[in-house]
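> just coords:
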């Protein structure tokens, strides 16, 4: 069946005539969209084979025995030997431990977390392409089917054919691109899901190895605790400050250590303490106690008279007698 196409498309196809003639008939009937689908299928095959080879090599390596040997060396505080063991294989877990050992005695947690993300990105290589191919492939299939249907219906209208067999054959050929895209989509899903499962397993494996490494480092004191060192330094500084203050207190006299209105001196020979009042407070001794008592009693009488007058004005026109408050005698 002849299909009418535009001039640029016919020129492009004329350049590919030698290659098109070698293709199967169903591929030629699928139209131009079959070529990008063929390219995508080729790239998917390359990526899937490369990733499959990577995972086969990874699972064939004896990483478990090297991890045990590395942890045994760390348990014995032999960091150099543990680092040499990690250099024997280029696996994600051993690379991560190697980065952690190189950071000791400083805390390697942040460095190992960054290296874990780096290793996961390396083993996830190709997943982004497979994810994009999952989106592009069905779109190309639908687009190719629509283009073929449009061209086929336009050719049938120009020829004014009423043969049902020709119409059915045209629709069948137009569905080839979408059928090819679904087949390619199936071949994308299988490796992508397999690789996703492997990436999830290796992520859990790296977290487990990192937790074992941290446990051994804390158990054997391979990590320097900055907080403890800072606290120890602060305690030593406080002790030094207290010692200096004590020395200053012993060097100063008793009168210099207080701002009270009196000072006292201690005699080591007799064991007696002599107390004397400062010159500014000598006037306190000259006030007799009777004067202080009289002043206090006068203040009390003034307060009582004020309360009595306010009571008369507000409530009772006839004043009542108020009992006198006992006077204070400082001499007694």
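Alright, I've got the coordinates. The model shown is predicted, which means the values in this text are computed figures rather than measured ones.
> Residue 173 touches residue 147, doesn't it?
No: using CB atoms under 8 Å, residue 173 makes no contact with residue 147, being 11.7 Å away. Just so you know, the C-beta spots here come from the backbone N, C-alpha and C atoms, and that holds for glycine as well.
> Comparing these two, which residue is more hemmed in?
More crowded of residue 173 and residue 147, by other CB atoms under 10 Å: residue 173, with 21 against 18.
> Mind checking what helix or strand follows the helix or strand that one falls within in sequence?
Using DSSP states H and E, residue 173 falls within helix 164-174. Where DSSP H and E defines the elements, the next helix or strand beyond helix 164-174 is helix 176-219.
> Mind giving me the packing neighbours of that following helix?
Counting contacts by 3 or more CB pairs under 8 Å, 6 or more residues apart in numbering; DSSP states H and E, helix 176-219 is packed against helix 34-60, helix 63-75, helix 92-103, helix 109-123, helix 127-159.
> Would you reformat the ones you listed as CSV and include distance to residue 86 and mean pLDDT?
Below are the helices and strands packed on helix 176-219 laid out as CSV (distance: least, CB to CB, whole Å; pLDDT from 0 to 100):
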stretch, distance to residue 86, mean pLDDT
helix 34-60, 16, 93
helix 63-75, 6, 91
helix 92-103, 4, 91
helix 109-123, 12, 90
helix 127-159, 27, 86
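> Could you look over the ones you listed and pick the most buried one?
Highest mean neighbour count of the helices and strands packed on helix 176-219: helix 92-103, a mean of 21 (counted as mean count of other CB atoms under 10 Å).
> Quick check: which ranges of the stretch 201-332 of the chain have low pLDDT?
Along the stretch 201-332 of the chain, segments meeting pLDDT under 70 span 225-332.
> same thing but 90
Filtered on pLDDT under 90, the stretch 201-332 of the chain yields the residue ranges 217-332.
> For residue 108, give me its contacts.
99, 100, 101, 102, 217, 223 (CB atoms under 8 Å, 6 or more residues apart in numbering).
> For the fourth one, which non-adjacent residue is spatially closest?
Spelled out, that is residue 102. residue 83 (7.1 Å; CB to CB, 6 or more residues apart in numbering).
> got the domain boundaries for this protein?
As assigned by automatic domain parsing, the chain contains the domains 7-219, 227-286, 290-332.
> before we move on, back to that, now the helix holding residue 173 and helix 127-159, what's the angle there?
On the basis of axes from the mean of the first three to the mean of the last three CA atoms, to 10 degrees, helix 164-174 is oriented at 160 degrees to helix 127-159.
> that older thread, distance to residue 194 for the helices and strands packed on helix 176-219 - can I get that in TSV?
Listed next are these as TSV, based on distance: least, CB to CB, whole Å:
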stretch	distance to residue 194
helix 34-60	8
helix 63-75	20
helix 92-103	18
helix 109-123	13
helix 127-159	11
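> Please name whichever of the ones you listed is nearest to residue 197.
Among the helices and strands packed on helix 176-219, helix 34-60 comes nearest to residue 197, with 10.2 Å by CB to CB.
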